[in-house]
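Trainee: Show me how the following folds:
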Amino acid sequence: MFDVTHSERSPTMTNTKDKPAAAAIKDLLSHNPDGLREIVRAVMQEMLEAEMTDALQAEKGERTASRLGYRSGYYTRTLITRVGKLELRVPQDRDGRFSTELFERYQRSEQALVATLAEMYVQGVSTRKVKAITEELCGHSFSASAISSINKRLDESLAQFASRRLEEPFPYLILDARYEKVREGGIVASQAVLIAVGIDWDGRRQILGVEMANRESQSSWRTFLLSLRERGLSGVELVVADDHAGLRAAIREVLTEAAYQRCYVHFLRNALDHLPRKADDDCLQELRWLYDRRSVEEARRDLSAWIAKWEARYPRLVAWAEETIEETLTFYRLPRQHHKHLKSTDEIDKHLSADCGSLSARGRPRGKEWGIDCKPRQAA
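Mentor: Numbers count the residues shown, from 1 in each chain. This next block holds a predicted model:
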C-alpha cells in the first residue's frame, strides 16, 4: 500500500483568460508535457497539410483548373522536441517538387512555439496566435480556411485529452483551487479553477482534470470529483487538500475510502490567524520543522516540546494547533521517500505561484520568513 515513486504527465481548459492566468497554467504545462506534446503534434501536422494545399493551390481531392499538381501519399518523419518525439506524416506530390522548411524553422523557434501553444491551450485556441505561429514557422501566411482547419483539429485534440479515460488506479490524489480572472461574454470576473493531480502505481504524476467553477463550493467540488469518477478514477487511498469545508465534504461523499492529508502549508498559513499582530519570534518556524521529521513519533515528541515552550505566550495558537494538527500528519503513514511530495498541495502550488507576497497588512512577517512557501488563494 502507498508504494509510489514520481515522474510526470499533463489538463484542458477552453475559457479565455488574462495574461497572469495564462502564465500560471503555462508553468504548469511546462512540467507536464504529455498533453502539450499532442497539441504540438496536431498543429505541426495541420501546418504540413496546409503547406501542401498552398503549394498545389488545391485541397485534397479538390478538382480545379488552377491546381499545380497532385498529392502522392506520405513519408514518416520523427522530430525530437522539448516535449518529446513527434511522429509526423509529411505529404508528397507526384512530381517531387514539394519541400517544407517547417522542421528547420521549428528547431530555431521551438521554445517560443511551445510557450505560445501553452498560452493558446489556456486561452481557448486563439485564431490570431495560430496564424502568427504558422506564418513564423512556414514563412508565409495561410488562408482563413487553413487557419480554421488547424484550430478545429487543435480543439479536437484538447477535447480528447480532457475526456480521456483514466484506466489505471491512482492511489494518491492532490486537489487544490486557484482563483483567476476570466473573461467571458466581454466581462472579466474572478472564477475558481479546480485542479486534480493523480499519481498512479507506476509513480507517474498526471493532471487528471482542470475545470472552471463560479466559486469553490461543496457542489462544484462534488461535480468535479464525480466527473473524474465517471472517466474512470479509482483506487484513491490518500487525498491531499486544504481545509476548505466544501472540498472536504465532497471528498467524504465521493471518495469515501480515502484517507485525508491536510496541506501543512495551508495549515501554517491558517496559524497566523491565531497569533498576535506583531509576533516576530521562532514560534511558527519551529512548528514548521515538525514536518521534516523521520517519523510521526518524532513529530509528536517535538510537538509536545513546542507546546510546552509556547503555550504560556501564545495560548490561543497552541490550543488551536493541538486540536487540528493531527490531520496534517497523515503523510507519515506513507513510505518516507514519499513524504516530501505528499504532505502538501505544493505539487500544484509551486508551479502556479511566483512568490508568496505579504501574508498580512498588519505587520506580520512575510510567508517565506515563516517557512510558508506558497501564495494565499483569493477568497471566494
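
Trainee: Strands of the protein, residue ranges please.
Mentor: Ranges of strands in the chain, per DSSP state E, are 7-8, 16-17, 71-81, 84-93, 172-184, 187-199, 204-213, 238-241, 259-262.

Trainee: Sheet partners, orientation included, of the fourth one?
Mentor: Right, the one you point to is strand 84-93. Strand pairing for strand 84-93, determined by DSSP bridges: strand 71-81 (antiparallel).

Trainee: Quick one: low-confidence residue ranges for the stretch 101-250 of the chain.
Mentor: Low-confidence segments of the stretch 101-250 of the chain, defined by pLDDT under 70, span residues 107-130, 133-147, 149-151, 153-155, 157.

Trainee: change it to 80
Mentor: For the stretch 101-250 of the chain, applying pLDDT under 80 flags the ranges 101-162, 180-186, 201-203.

Trainee: what's the most buried one of the strands of the chain?
Mentor: For those, ranked by mean neighbour count under the definition mean count of other Cβ atoms under 10 Å, the leader is strand 238-241 at a mean of 24. All C-beta atoms are positioned from the backbone trio N, CA, C, and that covers glycine.

Trainee: now Arg269: how far from Thr345?
Mentor: Distance check for Arg269 against Thr345: by Cβ to Cβ, to the nearest Å, it reads 12 Å.

Trainee: So between those two, which is more surrounded?
Mentor: Neighbours around Arg269 and Thr345, counted as other Cβ atoms under 10 Å, are more numerous at Thr345. The numbers are 24 against 21.

Trainee: Pretty sure Asp176 is one of the things that one touches, is it not?
Mentor: Yes - under the criterion of Cβ atoms under 8 Å, Thr345 lies in contact with Asp176, with a separation of 4.3 Å.

Trainee: Quick check: neighbours shared by those two?
Mentor: Common contacts of Thr345 and Asp176, defined by Cβ atoms under 8 Å, 6 or more residues apart in numbering, comprise 241-242, 263.

Trainee: Which one of those is nearest to Thr100?
Mentor: Lowest distance from Thr100 to the shared contacts of Thr345 and Asp176 (Cβ to Cβ) belongs to Ala241, with 48.0 Å.

Trainee: Which residues are in contact with the residue lying closest to the closest one once chain neighbours are set aside?
Mentor: In space, Ala241 comes closest to Leu175 once its chain neighbours are excluded; the distance is 4.4 Å by Cβ to Cβ, 6 or more residues apart in numbering. Counting by Cβ under 8 Å, 6+ apart, Leu175 touches 194-197, 221, 239-241, 247, 251, 345.

Trainee: Redo those as CSV? Include distance to Asn214.
Mentor: Supplementary listing: these in CSV, determined by distance: Cβ to Cβ, whole Å:
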residue, distance to Asn214
Leu194, 11
Ile195, 16
Ala196, 18
Val197, 22
Trp221, 12
Val239, 23
Val240, 24
Ala241, 20
Leu247, 15
Ile251, 20
Thr345, 21
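
Trainee: The strands of the chain into CSV, with extra columns for distance to Glu49?
Mentor: What follows is the strands of the chain, written out as CSV (distance: least, Cβ to Cβ, whole Å):
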stretch, distance to Glu49
strand 7-8, 31
strand 16-17, 27
strand 71-81, 10
strand 84-93, 7
strand 172-184, 32
strand 187-199, 34
strand 204-213, 29
strand 238-241, 44
strand 259-262, 48
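
Trainee: which stretch among the ones you listed comes nearest Thr100?
Mentor: Thr100 sits nearest to strand 84-93 of all the strands of the chain, at 6.8 Å, using Cβ to Cβ.

Trainee: All set, thanks.
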